[in-house]
Each structure stands twice: as C-alpha cells, then as structure tokens.
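**Q** Dropping the sequence and predicted coords here.
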Amino acid sequence: MNIVPCLTWVRRGVAKKTPDKVQLDGEELRRIIEETKEELENREEEELLEEEEEEGAAAASAVNKHSKSPQKDIKHRKRKHEEAGGGDSEDIVNKYGLDDYDDDGGKKFNPLKGLGDLSYYATPSDDPYITLKDVESDEEDFEILPSDNLVVSGKAEKDACFLEIYVYNEDQASLYCHHDIILPSFPLAVEWLNYDVGEDQPGNFVAVGTMEPVIDIWDVDLVDCLEPCATLGTKKKKKSKKKVANSGHTDAILDLSWNSSVRTALASASADFTVGLWDLYEGKLVSLITQHKEKAQCVEWHPKEPQSLLSGSFDNTVKMYDCRNPNKNCKSWTFGGEIERILWDMFSPQYFYAVTDGGKVYYLDSRQDKPVFTLSAHTGAVTGVALSSRVPGLLVTTSEDKSFKVWDTQNNKPSLVLEKDLKLGKLHCVRACPEAPFVFAIGGEKEMKIWDIRESGAVRKHFEDRAPSGVTMAAMEGEGQMDEAMDNLSIDTTDTTTKKKKKKKKKKKPSVEES
C-alpha cells in the first residue's frame, strides 16, 4: 500500500537555512528504544485483552484445547518423519536448530509500530551483524533558500508511516525530499504552525493527527528527530474506557486547523464526534464541542474573524461556531451527503465551500440558509478542494474518481476549465502553494505530485487576464503543441457530469443549480 492521505505547505523564508540535526548519545537512544518497546508491549497486551473479551470464555477455551505449543509441534513432526523413514532427522534438527525454530521471543518486525521495531541496538557497534564499523556516509547539502517552499506530506508505504519534507523551488521547477520523520501510526491530517509550542514565539512546526487520539507536534527544522517536541491529549490507557474531562479526544484525529490570527489556538476534528479547541501555549484542551451526531471529518478557522470556526461531519452537516461560546452559538446547514472538506473563500470571507462524498460542491453565504450554487463536480467523492492563493475564482478539486479539475467560479457562475488524470490513482488531498498562484500539491494512492497548472494551454488562455502582477502566463519550458492538444481533448471529452449548451461547438458545462 502506497498512499498520501494528507499534506501541507510551508511558506518561503520560514525554514532555517541549515536545519539542525539531532545528536543522540547511546544512552539516550537506548532510553527511547526501551520506552517504545514498552509502549508496544502494552498496546499488544491491550489488543489481546480486547480480543479475548469479544471472543468470550467459551471460544478461548476451545482454542486452547485444540492448540499445540511450537515445541510439541516440532517434536510431533520429527517423530512422524522418523516413522516414515526420513533418514537422519535428528542430525537435521540439530544442524538447523529446528527445536527453536518457532521461538522468536515474541518479537515480530513491524515498521508500522515505530522505532522499537526498527532498531534493536543503540549504536552500530552494538549490532553483531554490522562488520563495517568505519564507513562514512556522504553529507548531503541541506541548505534551504529563501525562495524555497517546503511541502510536508503524510505517507504510508507498505508497513511504514512517515512524514516526508520536500523542498520545492518554483523558479527552478525543482523538487526533492529533504528529510523524513518516522510516525508511530497512520497519518490522517497535517497542519503547519508558525508557533513554537510552550515558547510563545514563531517557529516552523507541523501538527499531525493519526489513528491515535492524540496530536503530535513535530519540528520541521530538526532532522533525524525520533520523538515529537510536544503531544496534545492522552492516549488510551490500559483497561480504561472512561473519558477524563478535558483530557482530549478518545478516537482518531481526522483534521486540524491552526488559527493564524490567534496563534495559540488549534482546532481538531475527531472520529469521536467532537471538535476540540486547544491552547498551544498551555498544551491543553480548552473546549470540546459536541454538536455533531457522527464523526467530525473536517474543521477550518475563518481567515478574518478569529472567533469563527467551521466543521463538517459524516452526519451531512456543516456547522459554524462562535468559539467564545461554541456549544450555544452555532449555525447549521444540512446537505445531501457526508461532508469531506470545507474551505473559506479568502477573497469573499463571508462565503465558503463544502464538498461531499456524492461528488457535489456547494458554495454558501454564511449569512444565508441556502447555497448560492450547487455544482455536480465529480462522479466519486470530492476528497480535496483548494483556491488559488492569488487568483480570485480559480478553484481546483480532486476526487476518488481519479480526476483533478480546474474551475472558474467567478461571478458565482462556475465553469470547467480543465480535467486531468494525474496518474496517481484515487486522489486524496490538494493544497495551494501560498506564494505561487498556479501551483498545487496533490496526494494520491501512489505518490505526492506538485503541479504548475500553467502547463495547460487551456488554463493559460482562460486565466491570462487575471494573472497577478509579476506572474507570467507563458508556456512552461518543454511544453509543445501536443501537450496543449491533449489538454483541449481532455476538456472536450472527459466530463461525465455535464450537459450540452444550445449553441453549436460549445464545450460541455457542469451541472449547476443556483439559488
């Protein structure tokens, strides 16, 4: 399994020119490994206890009655082999140590579980299988330029989960992985913070939500770090199913949003049906919003009003809160499907987008009850929605139907500009570059892709008159007439949700309902 379920951008000029490297001595590394192993053992014990409770005493006794120990099973096979005339079976057993073949000491390698299973030795000199002790690795150039953006993507690859930190330079059209961070659980949400937790000063951090009920804060400027610099919430304790007041969530963290106006405020959406409001300076939960009746899937702060917050849920509703008293001051909208993503329109801050698992995109005025328009955008769930950082009306969407679409929603009359298959399988997320108005990061089933949509002739032609000052719309290097022809072909033939106009030779338009 390869999947990129979440990602975020880091603005230019924020990252350190030369990131710090963690220097751990052997004792410190041994401590981390032992603590990780102990945590894994406790987790496995909890899982076993839960399984036994579900199966019941009768099922457990039946299994124990018919099971054999590894040692007895080996001896039984050995005796059967000798009775069948298998030759010098005793010599074979002794030679290959078959008596101890199934005895692995209870340890099974699983990178998904973290550092404890990835490393058993604190230093290479302790590992008996490493014989080349003095081999030096080449030092990579870690310098980050002021013109570089960073992209932090959560990724699951086979049995391993980690964050990948990429360096992207728009002028050079270059992209490379700078470093990565091993995660203990599957990443579901990642949000950048320009705030050093507990220090009350700017920084370069990301908050990560996973299948665990806690939020881990990682320092992006720290390479080879093994532990988060802070953790919000409390993990499930052994044999404890009761929730402690204001301790945090009790299920997976599905989305995160940082308040850039009130820099100590972080919001979280959880599978436990709640929305959490966190104080980053204190490192604790301030309020738990309990308005949803199903999993809270997404959350986003208002770009101009620091007290206003949106959340979307599997209960088909979007809710807007005044966070000065969120459980009382709440407005709600109901839609025809589960809410996948929500997005405030920074060019018209009273308006927002909501997208559903039914392929619909809704555009709403937060002061009104009915949508301004409803767009049948995709044949599958709309998994991502993003607005250009500097071009009003330039909207992009991604979907489980594997398509990436560019829309023009100016004047509340949405039209399809481009549809493209990025060859990433099902698409799971999209984010707009903060400084480059035509650059987007997309996460899919296979990899993460950075795409400058100016590579499309249709996009260049359509948005040419709206390009920000200093931004060229010239064709990208290496693009020829064949690429432009393929873009035009894609627009004409692949939109399955559109209907024909009355005039001839007009492109198909998506189905739009206006209120």
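**A** The structure has been received and is ready for your questions.
**Q** tally of neighbours for residue 293?
**A** Residue 293 has 11 neighbours, counted by other CB atoms under 10 Å. No exception for glycine: its C-beta is placed from N, CA and C like everyone else's.
**Q** Quick check: it touching residue 315?
**A** Yes - the pair residue 293 / residue 315 is scored as a contact, 4.5 Å apart, by CB atoms under 8 Å.
**Q** which residues does the closest residue to residue 407 other than its chain neighbours contact?
**A** Nearest residue to residue 407, sequence neighbours excluded (CB to CB, 6 or more residues apart in numbering): residue 395, at 4.4 Å. Neighbouring residues of residue 395 by CB atoms under 8 Å, 6 or more residues apart in numbering: 353, 385, 386, 387, 388, 406, 407, 408, 409, 414.
**Q** Strands of the stretch 251-400 of the chain, start to end?
**A** 253-258, 265-270, 275-279, 284-289, 296-301, 308-313, 317-322, 330-334, 339-344, 351-356, 360-365, 371-376, 382-387, 394-399 (DSSP state E, counting those that start in this stretch).
**Q** Output those strands as a markdown table; include the columns distance to residue 162 and mean pLDDT.
**A** Shown next, in a markdown table, are the strands of the stretch 251-400 of the chain (distance: least, CB to CB, whole Å; pLDDT from 0 to 100):
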| stretch | distance to residue 162 | mean pLDDT |
| --- | --- | --- |
| strand 253-258 | 17 | 98 |
| strand 265-270 | 21 | 98 |
| strand 275-279 | 24 | 97 |
| strand 284-289 | 27 | 95 |
| strand 296-301 | 23 | 98 |
| strand 308-313 | 27 | 98 |
| strand 317-322 | 32 | 98 |
| strand 330-334 | 37 | 96 |
| strand 339-344 | 24 | 98 |
| strand 351-356 | 28 | 98 |
| strand 360-365 | 32 | 98 |
| strand 371-376 | 36 | 97 |
| strand 382-387 | 21 | 98 |
| strand 394-399 | 22 | 98 |
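**Q** can you put these in CSV and add distance to residue 171?
**A** Listed next are the strands of the stretch 251-400 of the chain as CSV, based on distance: least, CB to CB, whole Å:
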stretch, distance to residue 171
strand 253-258, 28
strand 265-270, 33
strand 275-279, 37
strand 284-289, 42
strand 296-301, 30
strand 308-313, 35
strand 317-322, 39
strand 330-334, 42
strand 339-344, 28
strand 351-356, 31
strand 360-365, 33
strand 371-376, 34
strand 382-387, 22
strand 394-399, 21
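**Q** Just give the number of residues close to residue 432.
**A** 22.
**Q** Beta-bridge partners for the nearest residue to it once chain neighbours are set aside, please?
**A** Nearest non-adjacent residue to residue 432, counting by CB to CB, 6+ apart: residue 386, 4.4 Å away. Going by DSSP bridges, residue 386 is paired in beta bridges with residue 396.
**Q** Return the residues in contact with residue 386.
**A** Per CB under 8 Å, 6+ apart, neighbours of residue 386: 343, 395, 396, 430, 431, 432, 440.
**Q** quick one, which of the strands of the stretch 251-400 of the chain is nearest to residue 451?
**A** Closest approach to residue 451 among those is made by strand 394-399 (9.5 Å; CB to CB).
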